[in-house]
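Enquirer: any chance you could fold what I've pasted below:
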Amino acid sequence: MRKYATDHLRNIGLIAHGGAGKTSLAEAMLFSAKAIDRLGRVEDGTAAMDYDPEEVRRKVTISAAVAPVEWHDCKVNIVDTPGYFDFVGEVKATLRIIDTAVVVIDAVAGVEVGTELVWRYANEPGLPRMVVVNKMDRENANFAKALENLTTAFGHSVVPLHLPIGQEAKFQGLIDLVKMKAYYYKTDLSGNFDEKDIPADLAAEAQKGREKLVEAAAEADDELLTKYLDGQELSPQEVESGLRKGVAQGKVVPVMVASAAKNVGAQAVLDAVVTYAPSPADRPAVTGVNPKTKAEESRLASETQPFAALVFKTMADPYVGRLTLFRVISGVLKSDSHAYNVNKDKDERFGQLFVPRAKQQEPVPEVVAGDIGSVAKLQATVTGDTLCDAANPIVFPPIQFPNPVYSVAMKPKAKGDEEKISSGLARLQEEDPTFKVGREPVTGELLISGMGELHLDITTDRLNRKFQVSVTLDQPRVPYKETIRGRAKVEGKHKKQSGGRGQFGDVWVEFEPLPDQDFEFVDKVFGGSVPRQFIPAVEKGIRESMQEGVLAGYPMTNFRATLYDGKYHPVDSSEMAFKIAGSLALKEGAKQARPILLEPIVAAEVMVPDVFMGDVIGDLNKKRGKILGMEPQGTTQVIKALVPQAEMRRYAIDLRSITQGRGTFTMAFDHYEEAPGNIAEAVIAEAKKAEEAEK
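Expert: From the prediction side, this is the model:
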């Protein structure tokens, strides 16, 4: 592939609700541009962009894939993104490095939940948008209804660029409303078409559509608007110029038609991208911060500016090892050179640079401003890092990935696999910033967290395939704790005689609640009843015994232990004897001081459209939640609540079901409080049952 200047680049991301046909459209575009020599199918597992074994097996896109095509003296970088909610991190990363979001919708379903979400995500960086109404050949396909959906949902900036010729089984091609020509596509999947005049039965509709398009083009340019208002006709070139400005400004969202599976419309989409989508040079400068001066700086997409790039993806490639994908924001990066990683304060050596082409990597001598490249085997760089010229440092804001919302406990199936699991999970975390690993300190369980069940299922399948580790997944145990509500003075006595030197330690300890502190040990021994050298051992015995409470074996908290008396033997007493005595004192004292079970409470913030607010609040009430308040944010409501953690373990799935996927939430640990009697009884009974089973 030859070198293209920045103004001859187009970076587009295909975004949509799952099942709208993004990957099929990408396939048709690649085939039409002769970037691939056969038209693959998602259903057959032969699509170029869905090359991961899990994508082939499940027939869904899991990770964003990049492939360039050459079209009309331009290079178009196509980024195909997942449509399922569990992989939203890939969409967020893609939206940071493209210049135009191409929203694909199903001609049968119209605007769906995922369409609304990706549109909102594209709003955040202020991206220009284009729309493709796909699957026009399907039964019940309806372009007029889909267009009406789009206008209702996203406003009157949405205007048709194409009109379909027929629909459902009679879909034959499209009308270009700028050129006012009809294109009838061949039925052999070649993507070839015949250019003809607009059929008579569609002439009036086409004329009406063109008038809307011309008006939208004129409104984007003051000169054209003056000419238009004076009643002068705009030439096709002027309409194109106005539309290009309107798209770049976000004032015009052109709507195209296609049937990707039949390879109808892909060439017209490429034509529209090259003609109307902005190049990197047309986009605003990218703002960052100079790490030395802390001053805000901007970089234009120009080869003459100092080099800077943003890393948007890290992946393990089976052929070249760890692969880093980046977008060059400014300047030029050459093979066999160096760049400075600002985030890690490290110099990185670059070997051969590549252009990613789905699963393949094409070597190139350099990557220019606005283009997307990849490189293997960087030492410290991860997703979200900024790479730049060390003499002109800048750091761009990191990619804002959503926090994981669903966790499960993981165990190896085979003993001794812990180390393999650890290294495998570390590698998977590098590839996927929405996947997190941690150990729950209370229960000791290894927890993996992600965006949903499918996300974690696929991650564990990858762990098995890439690192040969089989694991089991289970609901995580709730990290309950235990404490006391009363006072107790008890004796802890350890006495053992087995011939020769024995063991003797005797202590009196008072236990009492301490609501604002985890644990406090107080020494009130007088007169040497417990020698000074043995007192730390008593505290150690109590602290160790705290890790397993008397009700259900959960750690104890919020109490004070006061050592006030005891006895010792000049020969048989030892640190070990007094440590055991302290442990025995706590076990007895906890039983006498009204032990209770504490459950963790999380602070949850749930963002939902107004229409679902009542259902969501009702569900939180059923989960024993306390609603703290509601705040309107545009057309959504933010519900704030305190909810027991035990009730929130599957909330990602519950909320998705209640709100049809429109709701999102965050939660964080807030505090512990006493568990209700029925909950405590069930937890204690389960703990005893597990203990008996182990015996």
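Enquirer: any weak-confidence spans in this protein?
Expert: With pLDDT under 70 as the threshold, the chain has low-confidence stretches at 317-320, 498-500, 695.
Enquirer: report the central residue of it.
Expert: Gly89 (2.7 Å; Cα atoms, centre = their mean).
Enquirer: was I right about that one contacting Glu431?
Expert: No - if you go by Cβ atoms under 8 Å, Gly89 and Glu431 don't touch, sitting 10.4 Å apart. In short, each C-beta sits where N, CA and C put it, glycine included.
Enquirer: which residues does the residue nearest to Lys212 when sequence neighbours are not counted contact?
Expert: Leaving aside its chain neighbours, Lys212 sits nearest to Val159 (5.3 Å; criterion: Cβ to Cβ, 6 or more residues apart in numbering). When contacts are counted by Cβ atoms under 8 Å, 6 or more residues apart in numbering, Val159 touches Lys212, Leu213, Ala216, Val252, Val253, Pro254, Val255.
Enquirer: that older thread, who touches the residue nearest to the centre of the chain in this structure?
Expert: Shown here is Gly89, whose contacts under the criterion Cβ under 8 Å, 6+ apart are Phe401, Pro402, Asp432, Pro433, Thr434, Met451.
Enquirer: repeat the analysis, applying 6 Å as the threshold.
Expert: Shown here is Gly89, whose contacts under the criterion Cβ atoms under 6 Å, 6 or more residues apart in numbering are Phe401, Pro433, Thr434.
Enquirer: so the last one versus Phe401, what's the distance?
Expert: Read that as Thr434. Here Thr434 is placed at a distance of 5 Å from Phe401 (Cβ to Cβ, to the nearest Å).
Enquirer: who has more neighbours, those two?
Expert: Thr434 (22 against 18; other Cβ atoms under 10 Å).
Enquirer: buried set for stretch 383-401?
Expert: 383-389, 392-396, 399, 401 (16 or more other Cβ atoms under 10 Å).
Enquirer: so which of the residues you listed belong to strands?
Expert: Applying DSSP state E to the buried residues of stretch 383-401, the entries found in strands are Thr386, Leu387, Cys388.
Enquirer: out of those, the closest to Leu620 would be?
Expert: Thr386 (40.2 Å; Cβ to Cβ).
Enquirer: so the closest one touches Val342, yeah?
Expert: Yes - contact status for Thr386 versus Val342: in contact at 4.8 Å, counting by Cβ atoms under 6 Å.
Enquirer: okay, and the common contacts of those two?
Expert: When Cβ under 6 Å, 6+ apart defines a contact, the residues bordering Thr386 and Val342 alike are Val395.
Enquirer: which stretches of the stretch 251-400 of the chain form helices?
Expert: With DSSP state H, counting those that start in this stretch as the definition, the stretch 251-400 of the chain shows helices at residue ranges 266-276.
Enquirer: ok, the stretch 501-650 of the chain next?
Expert: According to DSSP H, counting those that start in this stretch, the helices that the stretch 501-650 of the chain contains are 535-546, 575-592, 613-622.
Enquirer: for the last one, buried residues please.
Expert: Looking back up the chat, that one is helix 613-622. By neighbour count on 16+ other Cβ under 10 Å, the buried set for helix 613-622 is Met613, Val616, Ile617, Asp619, Leu620.
Enquirer: any idea how far stretch 153-162 is from the chain center?
Expert: Centre-to-centre, stretch 153-162 and its host chain are 29 Å apart (Cα atoms, centre = their mean, to the nearest Å).
Enquirer: re earlier: okay, and the beta partners of the residue nearest to Lys212?
Expert: For Val159, the beta-bridge partners under DSSP bridges are Pro254.
Enquirer: same check, this time on the one 5 residues further on
Expert: On the basis of DSSP bridges, Pro164 is bridged to Leu174.
Enquirer: next: Val355.
Expert: Applying DSSP bridges, one finds that Val355 bridges with Glu362.
Enquirer: longest strand in the chain, please.
Expert: Secondary structure of the chain per DSSP E: the longest strand is strand 595-609.
Enquirer: just to revisit the earlier point, just put the ones in strands among the buried residues of stretch 383-401 in a markdown table and tack on distance to Ala141.
Expert: Conversion of these to a markdown table gives the following (distance: Cβ to Cβ, whole Å):
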| residue | distance to Ala141 |
| --- | --- |
| Thr386 | 45 |
| Leu387 | 45 |
| Cys388 | 48 |
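Enquirer: just say helix, strand or coil for Arg477.
Expert: Taken by DSSP: H, G, I helix; E, B strand; the rest coil, the conformation at Arg477 corresponds to coil.
Enquirer: got a list of what it touches?
Expert: The neighbours of Arg477, taking Cβ under 6 Å, 6+ apart as the test, are Thr443.
Enquirer: closest one to Thr81 among the helices of the stretch 501-650 of the chain?
Expert: Put simply, out of the helices of the stretch 501-650 of the chain the one that sits nearest Thr81 is helix 613-622, at 27.8 Å, with distance taken as Cβ to Cβ.
Enquirer: ok, residues contacting the closest one?
Expert: Surrounding helix 613-622, the residues in contact under the criterion Cβ under 6 Å, 6+ apart are Val606, Val608, Gln637, Ala641, Ile658.
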